[in-house]
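Q: The sequence and its predicted three-dimensional model are supplied below.
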Amino acid sequence: MAWADATSGAAAQALFEEGKKLASAGNYAAACPKFAESQKLDPGAGTLLHLGNCYEKTGRTASAWATYIDAASAAKAQGRNDWAENAKTRAGALEPRLSRVTIVVKERVPGLEVRRDDVVLSEGAFGVALPVDPGERIFEATAPGKKKWHASFTLKEGQKLEVAVPPLAVDATATAGGSTGSPVRPPPADTTGTEHGGGARTAGFVLAGVGAAGLVVGGVTGLLAMNKNSRSKELCPTEGACSNPDGIDANDSAKSFGTISTISFIAGGALAATGVVLILVGGPSTDRRASGKAHGPGLALSPSFGAGNFGASFSGAF
């Protein structure tokens with residue numbers, strides 16, 4: 001431990017001598033870091049006086065003022081009242097030249113952190129005119145879930161400045177994404193009902209069309225049945241067995257057309273009604289089709305016409 005202290009002391013002395021040499025040459029910008037490192041390794045009132053002078057020569061008035069105050073305290077502790085008085089005098093001479101900044105925080109939120117350059121300011125520093133070195137000063141304010149606020153100002157020697165930190169805006173990205181900062185996209189909207197409804201409406205139109213065709217067929221065959229029945233009565237006007245082949249034919253055709261008409265009206269009406277319901281309210285799944293092979297109601301109507309005959313076939317599931 002003693003060897004480590006001796007090594008630090010030797011390094012501090014070497015840095016101190018190098019700092020004095022640079023300062024004597026007028027290179028205060030290079031001398032200041034030497035004195036600062038020497039003070040860090042082996043604190044002393046004499047080093048602080050040289051460091052304060054170095055800061056003053058480079059225009060860092062606030063740093064020089066604070067260093068002189070520390071030097072006065074250290075010199076008094078070492079019994080060097082002459083050094084202490086020298087440090088107090090130099091600090092007093094700098095005080096009217098100090099630039100000062102007052103931080104005013106408009107809204108204090110949990111986790112708020114306010115920085116001046118690389119220095120984090122405590123809440124106790126808010127509202128107090130703090131000495132700062134002249135030049136460009138950068139101010140930042142951050143808080144969890146809030147957008148960072150920052151501003152920069154260039155201060156002249158002796159200038160007084162009030163910096164108002166506004167209420168921080170909400171960071172929507174941070175709120176949604178958490179600590180990763182990555183935006184979280186909302187889950188895709190459930191379009192299942194829309195897709196199913198669209199398929200059901202399509203099936204509804206098809207079914208309604210087929211149902212309408214069935215009603216037309218029912219109407220046509222109904223008229224044909226009526227005509228054939230009238231023809232049969234003309235050829236066979238008496239009750240009982242009819243000996244006229246054309247009358248018998250007409251009677252059979254009337255019965256066939258009547259049956260087809262009845263079936264067409266029933267099936268067509270059912271299909272048309274189902275189609276209207278699907279169009280209005282939509283179906284539960286797009287997998288349902290109007291082909292009769294799907295899971296929902298379906299019916300295929302295949303009317304056929306030929307010379308001297310008429311037929312219609314129906315198939316489907318309900």
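A: Received it, and whenever you're ready, just let me know what you need.
Q: Output the below-cut-off pLDDT ranges for the stretch 51-200 of the chain.
A: 174-200 (pLDDT under 70).
Q: Would you map the helices across it?
A: Ranges of helices in the stretch 51-200 of the chain, per DSSP state H, counting those that start in this stretch, are 61-77, 81-94, 172-177, 192-235.
Q: Could you say which of those is packed most deeply?
A: helix 61-77 (a mean of 21; mean count of other Cβ atoms under 10 Å). In short, each C-beta sits where N, CA and C put it, glycine included.
Q: quick revisit: same list, the helices of the stretch 51-200 of the chain, but as TSV with distance to Gly258 please.
A: Converted to TSV, the helices of the stretch 51-200 of the chain look like this (distance: least, Cβ to Cβ, whole Å):
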stretch	distance to Gly258
helix 61-77	112
helix 81-94	120
helix 172-177	71
helix 192-235	4
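Q: So for Thr154, which of the ones you listed sits nearest?
A: With Cβ to Cβ as the criterion, Thr154 lies closest to helix 61-77 of the helices of the stretch 51-200 of the chain, at 14.8 Å.
Q: what angle separates that closest one from helix 81-94?
A: Relative orientation of helix 61-77 and helix 81-94, computed by axes from the mean of the first three to the mean of the last three Cα atoms, to 10 degrees: 160 degrees.
Q: still on that earlier bit, can you say which of the helices of the stretch 51-200 of the chain is nearest to Leu155?
A: Nearest of the helices of the stretch 51-200 of the chain (Cβ to Cβ): helix 61-77, 9.8 Å.
Q: Need the residues that contact that closest one.
A: With contact meaning Cβ atoms under 8 Å, 6 or more residues apart in numbering, helix 61-77 is reached by 43-45, 48-49, 51-53, 55-56, 81-88, 90-91, 94-95, 97-99, 131-134, 157.
Q: Can you show me the CA trace of that helix as CSV?
A: Provided in CSV are the C-alpha atoms of helix 61-77 (Å, rounded to 0.1, in the frame of the first residue of the first chain):
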residue,chain,number,x,y,z
THR,A,61,-14.4,31.4,-14.8
ALA,A,62,-16.9,29.2,-12.9
SER,A,63,-14.4,26.3,-12.8
ALA,A,64,-11.7,28.7,-11.6
TRP,A,65,-13.9,30.3,-8.9
ALA,A,66,-14.9,26.9,-7.5
THR,A,67,-11.3,25.7,-7.6
TYR,A,68,-10.1,28.8,-5.7
ILE,A,69,-12.7,28.2,-3.0
ASP,A,70,-11.5,24.6,-2.6
ALA,A,71,-7.9,25.8,-2.6
ALA,A,72,-8.7,28.3,0.2
SER,A,73,-10.2,25.6,2.3
ALA,A,74,-7.3,23.1,1.7
ALA,A,75,-4.7,25.8,2.4
LYS,A,76,-6.3,26.7,5.7
ALA,A,77,-6.3,23.0,6.7
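Q: I am finished for the moment; much appreciated.
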